[in-house]
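Novice: what follows is a protein structure lacking sequence information:
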């Protein structure tokens, strides 16, 4: 029987990641989850894909930050099915180390090519990538940190408009940050950091201006959408009720797959 790299990955790292607070979820999928403050989830997994090298298979690390307030948490599906919010290690590495730069490295900078006979060696080599990702996770310990991660790697999931009321729309983490009690200044601080990164990047002036204009447009649109949503009593009340429902459903789901999360009274989140 052929060996499966995702199963071997779980075997190799289960105890190693447990020492860092990560739990393997129940079921077949190779997700490891660490819970912070009973509300933040650090998620690490391994996906496979099409290989560009003849005779080789390919795998890549995926990472993500989720919360118990998101629309849905589903870790019974493959990492590929969660690709709308998981971040592959290549993208993570580039965004973290080379923001707003033209990368000359090959596209598969952080992908792992292997054959049957090299599988164990390649899995061992993933330790460096895992260490890099976990070091970043260690910085994400409150919801303001979560927002910074989302704005950098997963901006599509924090829409600040009535689109967040539709569970069919890709706005998974939006409602928590749409609360009136969540400080608008947290968004402003992140936008300022991102604009500074563009200004200080090695891009030529035309490219800088293009990226800066796009960032400013997103900022202004987000503020306007957020204000309209909060000013509409019907939408706001519906959104906050959905937030409560998402929380209850996610707590039940996580405990059901072996990820212990304590249910708490979240009344203090609201006005």
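Specialist: Received it, and whenever you're ready, just let me know what you need. Nothing here was measured: the structure is a model prediction, and the numbers come from that model.
Novice: show me the strands in the stretch 101-250 of the chain, by range?
Specialist: For the stretch 101-250 of the chain, applying DSSP state E, counting those that start in this stretch gives strands covering 112-114.
Novice: going along the chain, name the helices of it.
Specialist: 119-137, 143-153, 174-178, 184-199, 205-231, 233-256 (DSSP state H, counting those that start in this stretch).
Novice: could you say which of those is packed most deeply?
Specialist: Most buried of the helices of the stretch 101-250 of the chain, by mean neighbour count (mean count of other Cβ atoms under 10 Å): helix 174-178, with a mean of 26. Where you see a C-beta, it was placed from the backbone N, CA and C, and this is true even at glycine.
Novice: where's residue 96, which helix or strand?
Specialist: Following DSSP states H and E, one finds residue 96 within helix 89-97.
Novice: show me what that helix is packed up against.
Specialist: On a contact count with 3 or more Cβ pairs under 8 Å, 6 or more residues apart in numbering; DSSP states H and E, helix 89-97 meets strand 57-67, helix 119-137, helix 143-153.
Novice: nearest to residue 246, of the ones you listed?
Specialist: Ranking the helices and strands packed on helix 89-97 by their distance to residue 246 (criterion: Cβ to Cβ) puts strand 57-67 first, at 9.5 Å.
Novice: give the other helices and strands that the closest one contacts.
Specialist: Contacts defined by 3+ Cβ pairs under 8 Å, 6+ apart place strand 57-67 against helix 5-18, strand 40-49, strand 87-88, helix 89-97, strand 112-114, helix 119-137, helix 143-153.
Novice: I'd like the ones you listed as TSV, with distance to residue 74 and mean pLDDT appended.
Specialist: As requested, the helices and strands packed on strand 57-67 are arranged in TSV below (distance: least, Cβ to Cβ, whole Å; pLDDT from 0 to 100):
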stretch	distance to residue 74	mean pLDDT
helix 5-18	17	95
strand 40-49	12	95
strand 87-88	17	93
helix 89-97	21	86
strand 112-114	25	91
helix 119-137	20	94
helix 143-153	18	95
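Novice: with distance to residue 246 added, can I get those in a markdown table?
Specialist: Below are those laid out as a markdown table (distance: least, Cβ to Cβ, whole Å):
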| stretch | distance to residue 246 |
| --- | --- |
| helix 5-18 | 27 |
| strand 40-49 | 13 |
| strand 87-88 | 22 |
| helix 89-97 | 26 |
| strand 112-114 | 35 |
| helix 119-137 | 22 |
| helix 143-153 | 15 |
